[in-house]
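A.B. asks: below are the sequence and a predicted model for it; my questions follow.
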Amino acid sequence: MCFTRITSVLLLLSLLQSIAQEKKEDYLGSWSIVSGSHRIADKWSIPTEAYYGTYKLYNCYHDFYFRTGITYQPSSKLKTTIGFAFVDMEPFTFVGSNYNSEQNVIYEELNVNHNFRKLKIGNRFRLENRWTKAGGDKKYDNRFRYRLRFTHPIIKALYASFHDEFLMNLKGNVFNQNRIQCSLGYKITPNFKIECGYLFQSFPKISYHRLRLVLLFNIDWRKKSSI
């Protein structure tokens, strides 16, 4: 039943894609994400995340993103991370282009989580120190991000999630972008989940619509004591 519903949603999104106009903001694009955590000690873990973005539905490359780091989690409600991220990005084009931009990012992050009955509420604060190279130009800037996320179970292993993330520049024009997403998730095992949903990404002069597919996992690398 769940698979049938997901297939129907994908077919509908493909139809919307086919009737869009020849403008990059009119296309339904995609974000394909793999995100996980590798537990190496009781309070320490290594996050890994990668996504591949397209301007059209699984076609017309837009960007690639990868991040990792080291996370300290003193309790179930609080964790901090420092890490590195890399971004490769190209402009929208049908005929190909030699232009692209690259970013190397050092980031510092704080996650504060709490529950209200069955509703899980997550607050993520992230500071990014970004070195950008575009063509022959290079620049350094700082960006702050705040994400508010809600997750609520529906039935059994099925759950719904919603988040709103505001990204702001710390110099010049304050507004960088805003990301709103809603999705359905399915918990296959306690350590493996999938999510499918819609992402609306708005910039000062343009907005994008994205289908968002996510694989989430947790791996525990700690040695198990023998009985």
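C.D. replies: The structure has been received and is ready for your questions. Numbering: from 1, shown residues only.

A.B. asks: so which residues of this structure form strands?
C.D. replies: 28-39, 44-56, 59-75, 78-89, 101-116, 119-134, 137-155, 158-169, 175-189, 192-202, 207-220 (DSSP state E).

A.B. asks: in stretch 37-51, what's buried?
C.D. replies: 37-39, 45-49, 51 (16 or more other C-beta atoms under 10 Å). (Each C-beta comes from the backbone N, C-alpha and C, glycine too.)

A.B. asks: from residue 43, how far out is the one residue sitting closest to the centre of the chain?
C.D. replies: Among the residues of the chain, residue 33 comes closest to the average C-alpha position under C-alpha atoms, centre = their mean, at 6.8 Å. With distances taken as C-beta to C-beta, to the nearest Å, residue 33 is found 26 Å from residue 43.

A.B. asks: picking that back up, check the buried residues of stretch 37-51 and tell me the two furthest apart.
C.D. replies: Spatial extent of those (C-beta to C-beta) is set by the pair 39 and 51 at 22.1 Å.

A.B. asks: name the helix or strand of this protein that has the lowest mean pLDDT.
C.D. replies: Using mean pLDDT, DSSP states H and E, the weakest-scoring helix or strand in the chain turns out to be helix 2-18, at a mean of 51.

A.B. asks: what stretches of this protein score poorly on pLDDT?
C.D. replies: 1-24, 92-99, 225-227 (pLDDT under 70).

A.B. asks: nearest residue to residue 183 other than its sequence neighbours?
C.D. replies: Closest residue to residue 183 in three dimensions, ignoring its sequence neighbours and counting by C-beta to C-beta, 6 or more residues apart in numbering: residue 197, at 2.2 Å.

A.B. asks: pretty sure the one you found contacts residue 184?
C.D. replies: Yes: contact status for residue 197 versus residue 184: in contact at 6.4 Å, counting by C-beta atoms under 8 Å.

A.B. asks: which residues do these two both contact?
C.D. replies: residue 161 (C-beta atoms under 8 Å, 6 or more residues apart in numbering).

A.B. asks: the more surrounded of these two?
C.D. replies: Set side by side, residue 197 and residue 184 give different neighbour counts by other C-beta atoms under 10 Å, the larger being at residue 197 (20 against 17).

A.B. asks: tell me the contacts of that one?
C.D. replies: Going by C-beta under 8 Å, 6+ apart, residue 197 touches 161, 181-184, 211-212.

A.B. asks: closest to residue 171 out of the residues you listed?
C.D. replies: Proximity to residue 171 was ranked across the contacts of residue 197 by C-beta to C-beta; first place goes to residue 181, at 27.2 Å.

A.B. asks: so the closest one bridges to which residues?
C.D. replies: residue 163, residue 199 (DSSP bridges).

A.B. asks: tell me the contacts of it?
C.D. replies: Under the contact definition (C-beta under 8 Å, 6+ apart), the residues listed for residue 181 are 161-163, 197-200, 212.

A.B. asks: if we use 7 Å, what do you get?
C.D. replies: Contacts here follow C-beta atoms under 7 Å, 6 or more residues apart in numbering; on that basis residue 181 touches 163, 197-199, 212.

A.B. asks: no more questions from me, cheers.
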